[in-house]
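Enquirer: no sequence on hand, only this structure:
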């Protein structure tokens, strides 16, 4: 491959990698205050807890 053709591939790949890195930092970076706020708002939106019951397991035939 020629030098210009190699550069045509390397530059876009580097640009996409840089954009992905900065996007990842922007949207998935650590921001503890935003995470705490999101957890608190999600907890208040959930409402009451769902009741859970426990029953013993029995092995029986099941007609198909």
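Expert: Sure thing, it's come through. Predicted, not measured: the structure shown is a model, and the values here were computed from it. Residues are numbered from 1 along each chain as shown.

Enquirer: centre-most residue in the protein?
Expert: Taking Cα atoms, centre = their mean, the centroid of the chain lies closest to residue 28, which sits 8.7 Å from it.

Enquirer: roughly how far apart are that residue and residue 20?
Expert: Shown here: residue 28 relative to residue 20, a distance of 11 Å by Cβ to Cβ, to the nearest Å. Every residue, glycine included, has its C-beta placed from N, CA and C.

Enquirer: do the same with residue 2
Expert: Residue 2 sits 28 Å away from residue 20, going by Cβ to Cβ.

Enquirer: with neighbour numbers in mind, choose between these two.
Expert: Each of residue 2 and residue 20 has its neighbours counted (other Cβ atoms under 10 Å); residue 20 has more, 10 against 7.

Enquirer: just the element for that one, please.
Expert: Secondary-structure assignment from DSSP states H and E places residue 20 in helix 3-28.

Enquirer: and that helix, what does it pack onto?
Expert: If contacts are counted by 3 or more Cβ pairs under 8 Å, 6 or more residues apart in numbering; DSSP states H and E, helix 3-28 sits against no helix or strand.

Enquirer: next one: that helix to chain centre, how far?
Expert: 22 Å (Cα atoms, centre = their mean, to the nearest Å).

Enquirer: what average pLDDT does it get?
Expert: Across helix 3-28, pLDDT averages out at 89.

Enquirer: okay, now residue 26: neighbour count?
Expert: Other residues within reach of residue 26, judged by other Cβ under 10 Å, total 8.

Enquirer: separation between it and residue 20?
Expert: Residue 26 is 11 Å from residue 20, by Cβ to Cβ.

Enquirer: what of residue 61?
Expert: Per Cβ to Cβ, residue 61 is found 56 Å from residue 20.

Enquirer: over to residue 11?
Expert: Remark: distance between residue 11 and residue 20 (Cβ to Cβ) = 15 Å.
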